[in-house]
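> Predicted model and sequence follow; I will ask about them next.
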Amino acid sequence: MSQVDPASESKELAGTPNGGPTGTALATIDNQQHGVPAVGWSYGPPQRPEILSANPNPFDLMHAMRRRWPLAVGIGSAVGLTAALLVWFLVPVKYEAFALLRVAEKPGGVLDKSRDARDVFDLFKRTQAQYVVSGPVVRKTIREPSIARLATIKDHDDDPESWLSDQIMVDYPNDAELMRVAIKTEYKDESIKLVDMIVKMYLDEVVHNTQLERFAQEDKLKEKYKTISDEYSRKNEQLFKSEQVNQVETTAAAQMKRQVAERSLFDSLVQHHTLQREIQATEMEIAIMKARESDPEANTVPDVMIEAELRRDPTVSNLTNMKSTYTTMLARVMTVTVNPALSSEVRQLNALINEIDLQIEQYKADARPHVIEMLAAEEALDRRGGMGGTTLTSLETKRNHLTDLLTAAKQEIDDKSKGFENSQEFSADVETRREELKALRDIMTKLKSQIDLTEVERLAKERIEKLDDAQLDSVSGDAIRKYVGVLFAGVLGFAAVMVGIAFVEFQSRKINGTQQVNDGLGIKVIGELPSVKGRKWRRLKGGRGPAVLKALMAERIDGTRTALIHATPSNPPRVVMVTSADPHEGKTTTSSQLAASLARAGRRTLLIDADIRNPGVHRVFDMPLEPGLSELLRGEAERDAVVHPTRTANLWLLPAGRCDLRSVQSLSTSYLGTNIAALCVQFDYVIIDSGPVLKVADSLLVGQHVDAAILSVLKDSSNLPHVYEACERLRSVGISVLGAVINGVNDDAAQHGVELLMSEATA
C-alpha cells in the first residue's frame, strides 16, 4: 500500500463536521440518521442464542473434561480409591461349603423296573428340598453341642433357627439326580461343619425314619395276613358243613345241570313271547276281514295295513335301524358330556337323526301309493277266493290253536321257574360263603405278594444316599463378587467425579472452538491464534520453538489483517479497537500481533494501549510505560512525546502511561477523540488495545471514537454468555463489531507446515 499523504488526510479530516477520525464513522452516523428502515421489525428484547441455555451433549462434556482433567483425575482417583476401600472392608467374603446327595429318579427296589413319571419325580425332589430346611432338621442341628458353640450361631443367637433356615441352599445342578446342600458363612471351617451336620440330621430325621416306617408297615402287613388267614380257615370249615347239611352238589356236572335248566327256562319264555305276537297278528287279520265283510263295497285299504306294510319295507327298516344306532350313540354321549347343549357332537347326532326322520317320512310318502295299490290288488284277489286266500274260519281256528299253545307254554314256564327257584334257595347260603372265601383268598394273595416285595426291597439301595462329606467351593462366587464390587465401586466413584466435574465445568459455558462463536453466538470469527502457553513450543528440537511459534502467529494474524483491510472495500476501517469480555482473554496479544502484521504489510500503524488501568502492551515490546496516553489526557505531555517507534518497521507505540483518576475521567471527554483524529492523519491504521467490556466502561468510551471493534476470545477460558453480553453492550452504544479473534487454538497441521518451511529455508 502506498504511503498516505498527510496533507490529503488533513483535508479529509477538515471536511468532517465533528472532527472525527475517518469517513467511516461519519458514514455510520449518517446511516443511522437517514437510513432506510430494515425489513422485519421485532418488538421486545432480542432473542438470546439457544447455545447460551442448551443442555450439555457428550461432546460438550468431553471438552469440559479436557479443561479440568488434572483436577478431575485427581479427585476422581481419590474418590474411586475411597469407594473401593469401603467396599473392600465393609463387604465381607463368605465361604460356601456344600455336600452332594444322590436322589434316584427310580424308587429303590430290585423288582420294580418301572420309572416314575417326570412330574412325580420333580415333586419328590421339591419335597426333599423342603425337608432339608424344615423345622425338625434345623432344630436338631442347632441343638448339637458342637454346632451351638460355633461363632456363626452365636452371632445370631436371637433367632438362630430362622437364620440357619434362610442360609441353607438346596438345588439340583443341571436338573440331575444330585441334590446339592450348601451354606455360606464368614468362617471356612464352620461352613463345612454346618453342612455336614445338616446332611446328617436330614438323613436321620427324614430318610432313615422313612425306612423305619416302611419296616413297621411290613410288620403290620404280616399281622394282617395272619389274621385273614385264620379267618379264611374258619369260614372254609363252615362252608364244608353247610354243603353237607344242604346236600349241595359242587361238581362240574351239577353246575352244568343248573345251566341247562336255566337255558330251558329261557327258551320257554322266548316261545311264550312268540306265541303272543302271532296271536296278536291273527286277531288283527280277523278284525280286518270282518271289516271287509261288513262293507263289501269299500275299496279303501286300512291305514293300519298300509303302515304295517311300509314298516316291513327294506329301505324303511334300514333307515329305522340307522336311527336306532344314532339314538343309542346320542344317549351315550349325553351321559359323558358336562354341557350337552354346547357339545358339537350332540348337535351333529341330532342333525343326523332329524335327517333320517325326514328321509323315512319322504320315502313313506313316495311309496304309499304303490303300497295302497298292492294291498288293494291283494284284497281283490282274496275276495275272488284266489290262490293264497285265507278265510275267516281258518283264521279263527288258527287263533284258537295258538291260544291253547300259549296256555301250555305258560304252564311249562311256571313249572320250570319253581324248580329253578327251589335249587337256588338251597344253594344261596353256600354261594354266599363261597363268595366270602373268594374275597378273603384275593386279599390274602395281594397281602402275600406285598409282603414278598417288601422283604426283597430290604436288599435294595436307598433312594437317597450321601455321596461325600462337605467341602469348600473351589470357585468362591462371593469372593469374585467382592472383587467385582470393589472394581465397580472404584470405577463408579471415579466416573461419577469425572462426570460431575465435567458437568460443573460445562455450567461455566466456556468456549470450545470457532463453531460456538460463529454459529452459536452469530459473531463472525475473523482469525485464530495459537496458544502461547505450556511446554509445547519448548519441546521442539533444536530450540526452534519460539521461532516456530512466532512464524505460526504471524501466519495466523495475517488472515485477520486481510479480513480487516477488506472488510469494506470502499471505505475500510482505519481505527480499530481490540477488546474482550473479561481480563486475560488475549486482547493484548491480538492487538499487538495485528498491529505488527499491518506494519509488515507496509502500513504505517500506531498501537495505542488504552487499557490504562491494567496496561501490558509496553511489556510485549519491552518499552517504558510512560510517558503515554494518561499523560496525554492530563495535558502533561504532547502527542509527539508519547508516540514511540518500535523495533518493527512501520510500527509505533503509544503506551498507557501512569494511570490516575484524572486520566480515567478524561476518557469520557472529547479530548480523546481529538487526539485520535489527529493521530489518524499521521498513520494508516490505529489499533487500540482497550480494557475489558464487562469490567469497566473504558472500552465503551473509547469505542465512540473508533471505526470498528474486534472481540478477543480465549479458548477454554472465555465465557459464552459474557462474550455475548460484551458484544451486545458494544452494539448498544453504536460500536460496530467487526468480528472475533479466538486465541489458544491448537493447529498441528499449520504448525507442521511452518516447521517444514523453516526447515527448507534453513537448508
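Noted; the coordinates are in hand. Just so it is clear, the model here is predicted, and its values are computed rather than measured. Numbers count the residues shown, from 1 in each chain.
> immediately after the helix or strand that contains residue 71, which helix or strand?
Assigned by DSSP states H and E, residue 71 belongs to helix 69-90. Using DSSP H and E, the next helix or strand after helix 69-90 towards the C-terminus is strand 95-103.
> quick one on the thing from earlier: ok, and for the helix holding residue 71, which residues are buried?
72, 75-76, 79-80, 83-84, 87-88 (16 or more other C-beta atoms under 10 Å). The way it works is simple: take the backbone N, C-alpha and C, and place the C-beta from them, glycine included.
> swap in stretch 739-747?
Neighbour-count burial for stretch 739-747, with 16+ other C-beta under 10 Å as criterion, is recorded at 739-745, 747.
> One more: stretch 222-240?
In terms of neighbour count (16+ other C-beta under 10 Å), stretch 222-240 has its buried residues at 225, 228, 232, 239.
> just to revisit the earlier point, turn the buried residues of stretch 739-747 into CSV, including pLDDT, distance to residue 467 and secondary structure.
Formatted as CSV, the buried residues of stretch 739-747 follow (pLDDT from 0 to 100; distance: C-beta to C-beta, whole Å; DSSP: H, G, I helix; E, B strand; the rest coil):
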residue, pLDDT, distance to residue 467, secondary structure
739, 90, 85, strand
740, 91, 81, strand
741, 92, 83, strand
742, 90, 77, strand
743, 89, 78, strand
744, 83, 74, strand
745, 81, 74, strand
747, 60, 74, coil
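> between these, which is nearest residue 722?
Of all those, residue 740 has the smallest distance to residue 722: 12.5 Å, by C-beta to C-beta.
> Test my guess that the closest one contacts residue 714.
No: the criterion here is C-beta atoms under 8 Å, and residue 740 misses it with residue 714 at 10.7 Å.
> OK, contacts around the closest residue to residue 696 other than its chain neighbours?
Counting by C-beta to C-beta, 6 or more residues apart in numbering, residue 613 is the residue found nearest to residue 696 once chain neighbours are left out, at 6.4 Å. Counting by C-beta atoms under 8 Å, 6 or more residues apart in numbering, residue 613 makes contact with 659, 664, 691, 696, 698.
> try it again with 10 Å
Shown in contact with residue 613 (C-beta atoms under 10 Å, 6 or more residues apart in numbering): 583, 656, 659, 663-664, 691-692, 695-696, 698.
> what does residue 205 give?
Residue 205 sits in contact with 131, 134, 136-137, 139-141, where contact means C-beta under 10 Å, 6+ apart.
> Mind doing that once more with 6 Å?
Going by C-beta atoms under 6 Å, 6 or more residues apart in numbering, residue 205 touches 136-137.
> before we move on, the earlier item: any quick PyMOL command for the buried ones out of the contacts of residue 613?
To isolate the buried members of the contacts of residue 613 in PyMOL, using 16+ other C-beta under 10 Å:
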select buried, resi 656+659+663+664+691+692+696+698
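> Wasn't residue 502 part of a helix?
Yes: looking at residue 502 with DSSP: H, G, I helix; E, B strand; the rest coil, it is inside a helix.
> Now do it, the pLDDT please.
The model reports residue 502 with a pLDDT of 80.
> ok, it touching residue 63?
No: contact criterion C-beta atoms under 6 Å: residue 502 and residue 63 do not qualify, at 8.7 Å.
> in the sheet, who's paired with residue 686?
In this entry, residue 686 is beta-bridged to residue 575, residue 606, by DSSP bridges.
> Apologies, that question was intended for residue 737.
Beta bridges link residue 737 to residue 709, judged by DSSP bridges.
> Let me see the contact set for it.
Contacts of residue 737 by C-beta under 6 Å, 6+ apart are 709, 727, 730.
> list the contacts for the second one?
Think residue 727. By C-beta under 6 Å, 6+ apart, the residues touching residue 727 are 523, 737.
> Looking only at the one helix or strand it maps to, what residues are buried by neighbour count?
Per DSSP H and E: residue 727 is located in helix 720-732. By 16+ other C-beta under 10 Å, the buried positions in helix 720-732 come out as 720-727, 729-730.
> relative to strand 737-745, how tilted is it?
Orientation of helix 720-732 against strand 737-745 (axes from the mean of the first three to the mean of the last three C-alpha atoms, to 10 degrees) gives an angle of 150 degrees.
> avg pLDDT for helix 720-732?
Averaged over helix 720-732, pLDDT sits at 91.
> what's downstream of the helix or strand harbouring residue 358, the next helix or strand?
Element membership for residue 358 (DSSP H and E) is helix 344-383. Later in the chain than helix 344-383, the nearest helix or strand by DSSP H and E is helix 392-457.
> now the helix or strand that that following helix is followed by, how far from the centre of its chain.
Later in the chain than helix 392-457, the nearest helix or strand by DSSP H and E is strand 464-466. How far strand 464-466 lies from its chain's middle: 42 Å, per C-alpha atoms, centre = their mean, to the nearest Å.
> Since that was my last question, I'll sign off now.
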